[in-house]
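*Asks:* the following block contains a protein sequence and its predicted model.
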Amino acid sequence: MEDNTICLLVSFDRNYIKPFQVMLTSLVLNNPQERFHIWLLHSGILQSDLDALAEYCGAQGAALTPVLVEPSVFKAAPISKRYPQEMYYRLLAPVLLPDSVKRILYLDPDILVINPVRPLWEVELNGHAFAAAPHSVVPDMVNDVNCLRLGSDSAYFNTGVILMDLSAARALVKPEDIFHYVQEHAAELLLPDQDVFNCLYGSYTLHVEDTRWNYDARRFAAYHLSSSAKYDMDWVVQSTVFLHFCGKHKPWKSSYYGRFSALYKHYMCLAERRTGPVGTE
C-alpha cells in the first residue's frame, strides 16, 4: 500500500450497507485525487454481500478489506442486547487490525463527506493516540453532566469520526480494561461505546473542531446562532468535511425532513446510479 493512501475504518451490519454506499459515494466524488483503503470490521455479513461491497468499492477506486471479528475475542466481555459485541469494534480497532496499518480514520456510515479529508488525515497528533471532536453547540451543562457522571475532566468527544494513530493506540488499548470498565460502570453508561471511549481515552485525544470534522446535522440553527451567523449554509458547503446525521432520525428514511435532507437524497441518487435503489425503511 502506498504511503499516500488514506485508510478508513467502518463497522456495520447488513442493515447499514446502503448508507455506507452513500457515504462512500460522497467521499470519492469530493476527493477525486485520493486513493482509499477501507477496512470493514464485521461479525458475519454474508459473503455474497461482501463480494458485492468489494465490487462496489472497487468501482469507486477504493480497496475493501473485510475483517471478520471472532467471538472468542469477547469471552470475557459483558455482552447483552444493550451491550452487543459490535459496540466494542471501534474501541478495539487497534487490537483487531493488523500491525501493518499504522493510521486509520474511523467513520460512522451515517455521514456525508462533502469536502477533502486529507487535512484531517495529515493532522499532527503531537503524542495523542486519537483525534476527535466534541459537539460545541451542545449546551455546556450537557457536557458538564457527561464529564461528571464519567468522572472525566476532558471534553466529551463524539466517536462518529475518530482519527487513530494505531501505533500509539496499541500501547494504550487493552481489551480487558474496556471489558472491566463496562462491567463496573454499566449503570452509568448512556451511550456505551462513546462513554467508554471518553472515560478511558479522552485524555489521549486531540480536540478538533466539530464544525469542520463532525458537524451535527440536527443543529444548523444552533451553529448559526452561536457563530453570530458566520456558519451559514454557504460556510457549511464550503468548509465542513463530515456532515454527521446523529441521532435516531436518519436521512435515508422517507419520513426525514431535516435541513440537509435534499443534500443527502442527492447523494442517494448518485449512489443509486451505481448500485440500484438505495435506502432502507
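*Replies:* Received, thanks.
*Asks:* contacting residues around residue 64?
*Replies:* By C-beta atoms under 8 Å, 6 or more residues apart in numbering, the contact list for residue 64 reads 38, 40, 53-54, 57-58. C-beta coordinates here come from the backbone N, C-alpha and C atoms, glycine included.
*Asks:* sort out for me which of the residues you listed are in helices.
*Replies:* Using DSSP state H, the subset of those located in helices is 53-54, 57-58.
*Asks:* quick one: the strands in the protein?
*Replies:* Using DSSP state E, the strands found in the chain span residues 6-11, 36-42, 62-68, 103-107, 111-113, 130-134, 157-165, 205-207, 215-216, 242-244.
*Asks:* what's the mean pLDDT across the fifth one?
*Replies:* Translated: strand 111-113. Strand 111-113 carries an average pLDDT of 98.
*Asks:* starting at the chain centroid, how far to that strand?
*Replies:* Average the C-alpha atoms of strand 111-113, do the same for its chain, and the two points are 10 Å apart (C-alpha atoms, centre = their mean, to the nearest Å).
*Asks:* that strand packs against which elements?
*Replies:* When contacts are defined as 3 or more C-beta pairs under 8 Å, 6 or more residues apart in numbering; DSSP states H and E, strand 111-113 packs onto helix 17-29, strand 242-244, helix 261-275.
*Asks:* worst average pLDDT in those?
*Replies:* Between these, the one with the least mean pLDDT is helix 261-275; it has a mean of 92.
*Asks:* quick one, that helix and helix 17-29 angle?
*Replies:* Helix 261-275 runs at 90 degrees relative to helix 17-29, counting by axes from the mean of the first three to the mean of the last three C-alpha atoms, to 10 degrees.
*Asks:* contacts for helix 261-275?
*Replies:* With contacts defined as C-beta under 8 Å, 6+ apart, helix 261-275 is touched by 18, 21-22, 24-26, 29, 56, 59-60, 112, 114, 243, 245, 251-252, 256, 278-279.
*Asks:* alpha carbons of it, as PDB, please.
*Replies:* What follows is helix 261-275, C-alpha atoms only, in PDB (Å, rounded to 0.1, in the frame of the first residue of the first chain):
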ATOM      1  CA  SER A 261     -32.400  16.100   3.600                       C
ATOM      2  CA  ALA A 262     -32.200  17.200   0.000                       C
ATOM      3  CA  LEU A 263     -28.400  17.100   0.100                       C
ATOM      4  CA  TYR A 264     -28.500  13.500   1.400                       C
ATOM      5  CA  LYS A 265     -31.100  12.400  -1.100                       C
ATOM      6  CA  HIS A 266     -28.900  13.900  -3.900                       C
ATOM      7  CA  TYR A 267     -26.100  11.500  -2.900                       C
ATOM      8  CA  MET A 268     -28.500   8.700  -2.500                       C
ATOM      9  CA  CYS A 269     -29.500   9.200  -6.200                       C
ATOM     10  CA  LEU A 270     -25.800   9.300  -7.200                       C
ATOM     11  CA  ALA A 271     -25.200   6.100  -5.300                       C
ATOM     12  CA  GLU A 272     -28.300   4.500  -6.900                       C
ATOM     13  CA  ARG A 273     -26.900   5.000 -10.300                       C
ATOM     14  CA  ARG A 274     -24.000   2.800  -9.300                       C
ATOM     15  CA  THR A 275     -25.800   0.200  -7.200                       C
END
